[in-house]
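>>> Starting from these lines, generate the structure:
(one chain, ligands or ions: 1)
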Amino acid sequence: MVESISGAALPFDWGYDARLVIPLSIVLILSTLIYRLSPVHPLCKFPGPLWRRISMIGPAYSATNGRIPQDVRSLHDQYGDIVRTGPNELHIRDPTVLAALWSVPRGPGFIGTSLSRTRQPMVGIQNPDEHQRRRRPWTRGMGPVALKEYEHIIAKRGQQLMERFEENKEEVSLDQWFHYFVFDFMSDMAFGGGTELLRNGERSNPWSMLGKSLQIVVVFSRLPWLGVYGGYIPGAGRALRALQSRSSEFTAQRVKRGSTTRDLFYYLNNEDLPNVQPPPPNHLIDDGVLAIVGGTDTTAITLTNLFYFLLTHPDVYTALQGEVDKFYPPEEDGFNPKYHRDMTYLQAVINETLRVFPPNPMGGQRQVLPNGPPVIVNNLHIPPGTVIWLSPYTYHRDPRSFTLPDTFWPERWLIASGHTKLEDARLPTGSTGSHIPVEFVHNDTAFCPFGGGPIGCVGKGLALLEIRTVTCALLQKFDVRTRHGWDSQEYLKNMKTFVTSGRRPLPVTLTLR
Ligand code: HEM
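Numbers count the residues shown, from 1 in each chain. Sure, this is the predicted structure:
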């Protein structure tokens with residue numbers, strides 16, 4: 001019989017002296033801390049705040065303030081391009097190594113957010129071969145042939161959006177309607193139907209649990225082991241379980257119904273390859289959640305930010321309206337994407353919106369394989385097991401890559417692509433001089449709102465198609481004006497990033513053109 005610390009006899013023999021538990025734990029914790037601070041730790045040569053080297057608990061807690069991108073940018077300004085932000089974590093803001101680092105495999109953050117070590121959507125799979133296998137149907141489902149099929153769904157839902165705009169034109173909350181549009185479109189596109197937010201409003205939203213518990217999600221993504229235990233706490237993963245169960249319902253209905261159109265599940269379920277076995281149901285359910293989580297907020301936030309910039313930069317609005325009117329006069333079908341590729345100013349405005357406000361400001365986490373070789377790029381040597389972050393926000397706001405990085409200036413894209421000469425380009429809104437006051441720099445490699453490499457955003461083409469179509473159709477049909485009394489500064493206040501950069505209200509009035 002062994003005694004407990006309080007001296008009472010324990011009911012069974014654990015095979016060791018229980019009085020040693022506390023002292024041994026203290027020794028273990030202290031030796032771990034000393035190791036993490038010591039010159040023998042593999043990341044010792046990288047600078048960073050002392051408290052971040054000790055444990056991930058502090059950084060995970062500080063991430064709940066919703067200001068991770070801004071905080072990381074300050075750390076880079078203080079410590080340089082490579083900062084040790086955790087015992088085993090680096091943030092890297094060096095465009096010369098970025099292209100190579102995109103091929104580092106996925107990091108462990110999704111283990112925490114999906115509350116499971118074993119069950120992961122495609123985006124969370126760390127093993128590169130398995131990830132590549134799971135990504136194949138996604139690549140088919142997001143390729144040019146598939147996108148062509150989705151054009152009519154965008155047009156149908158886009159038409160419905162314009163009708164709602166017309167009915168509510170006195171006061172329209174653009175952010176809200178863009179969210180309704182992306183959810184209805186994504187449900188049609190992924191599952192062949194299932195939501196009617198454009199018709200019935202938010203109360204009918206079967207995905208309303210999305211966006212809940214974001215502060216917990218961000219903590220679990222920094223402390224994956226806690227996420228795994230968190231999964232056992234009743235209530236902790238309620239939003240995730242609800243998402244899975246909703247996706248499970250939608251998936252079951254969709255698989256039972258079979259494909260009526262070539263939707264995303266047509267590819268994810270291998271219906272396009274009759275000789276190939278369909279994947280296990282859990283893969284389909286998790287990838288259904290991924291389509292909703294990855295493909296809705298990001299696109300709606302970009303559309304809202306784009307119109308925020310148009311409304312606060314009247315010269316840009318006028319220039320874009322001119323281009324839309326040239327390609328989509330009233331008699332043209334505003335939902336037909338046939339002119340998109342010629343609309344250089346539209347693309348410049350979209351790029352600039354994504355540069356200043358990337359909807360996923362921290363991008364996708366990476367980890368050098370723990371049992372593999374180190375990653376060596378130029379003079380940078382990253383030891384096995386190191387978690388790395390390549391934050392689009394910090395790359396996009398680096399003056400070495402982009403002139404006046406905090407300024408919204410779509411013309412920079414036209415200058416960089418040779419469509420406009422620097423001396424002929426319109427200056428940023430509100431400029432007083434006759435030329436930009438600094439040397440023009442533009443580094444395309446540092447532009448990464450969709451991440452990059454073999455695990456970069458698979459939905460980029462679809463997102464751009466949606467954004468271009470809705471922008472053209474809206475500007476073709478309506479004049480958009482801010483609601484009287486709206487304070488544009490309010491939009492910038494309380495911008496909080498947990499996973500995405502969050503949704504902010506954009507109230508406008510619309511007038512039929
Ligand atoms: C403006 C809109 C969007 C932005 C800014 C965006 C951004 C991103 C980023 C930063 C990543 C991580 C990439 C990396 O780790 O390198 C990602 C991954 C992903 N995105 Fe998007 N995304 C957008 C729209 C979409 C859409 C419409 C879909 C369609 C369902 C989608 C599906 C995915 C998927 C499935 C992944 C995981 C890819 C993988 O693990 O292989 N995204 N996205």
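
>>> Which strands and helices lie in contact with the helix or strand hosting Val316?
Per DSSP states H and E, Val316 falls inside helix 314-327. Under the contact definition 3 or more Cβ pairs under 8 Å, 6 or more residues apart in numbering; DSSP states H and E, helix 314-327 sits against helix 297-312, helix 344-356, helix 460-477. The C-beta positions use only the backbone N, C-alpha and C, and glycine is treated the same way.

>>> Including mean neighbour count, could those go into TSV?
Below are these laid out as TSV (neighbours: other Cβ atoms under 10 Å):
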stretch	mean neighbour count
helix 297-312	23
helix 344-356	22
helix 460-477	21
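
>>> and of those, who's closest to Asn200?
Closest of these to Asn200 is helix 297-312, at 17.6 Å (criterion: Cβ to Cβ).

>>> Just list what the closest one packs against, helices and strands only.
Against helix 297-312 (3+ Cβ pairs under 8 Å, 6+ apart) you get helix 174-191, helix 314-327, helix 344-356, helix 460-477, strand 478-482, helix 488-492.

>>> repeat that for 10 Å
On a contact count with 3 or more Cβ pairs under 10 Å, 6 or more residues apart in numbering; DSSP states H and E, helix 297-312 meets helix 174-191, helix 314-327, helix 344-356, helix 460-477, strand 478-482, helix 488-492, strand 507-512.

>>> looking at these, which has the lowest confidence?
Least confidently modelled of the helices and strands packed on helix 297-312 is helix 488-492, at a mean of 88 by mean pLDDT.

>>> list the buried ones in that helix?
By neighbour count on 16 or more other Cβ atoms under 10 Å, the buried set for helix 488-492 is Tyr491.

>>> how many other residues sit next to His435?
Neighbour count for His435, taken as other Cβ atoms under 10 Å: 11.

>>> brain fart, Arg199
Arg199: 12 neighbours (other Cβ under 10 Å).

>>> swap in the one 10 residues further on?
For Met209, the count of nearby residues is 16 (other Cβ under 10 Å).

>>> so what's it up against?
Counting by Cβ atoms under 10 Å, 6 or more residues apart in numbering, Met209 touches 238-243, 245-246.

>>> Make a ChimeraX selection of the buried ones in those residues.
The following ChimeraX line selects those of the contacts of Met209 that are buried, judged by 16+ other Cβ under 10 Å:
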select :239,240,242,243,246
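
>>> List, one by one, the residues from the stretch 201-350 of the chain near the ligand.
Contacts of the stretch 201-350 of the chain with the ligand, taken as Cβ under 6 Å from any ligand atom, map to 290-291, 294-295, 298-299, 302.

>>> do that again at 5 Å, thanks
Proximity of the stretch 201-350 of the chain to the ligand is confined to 291, 294-295, 298-299, 302 under the rule Cβ under 5 Å from any ligand atom.

>>> so can I have a markdown table of these showing pLDDT?
A markdown table is the format used below for those (pLDDT from 0 to 100):
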| residue | pLDDT |
| --- | --- |
| Ala291 | 89 |
| Gly294 | 88 |
| Gly295 | 89 |
| Thr298 | 94 |
| Thr299 | 97 |
| Thr302 | 97 |
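
>>> so which of those residues comes closest to Gly227?
Within those, the smallest distance to Gly227 is 18.5 Å, found for Gly294 (Cβ to Cβ).
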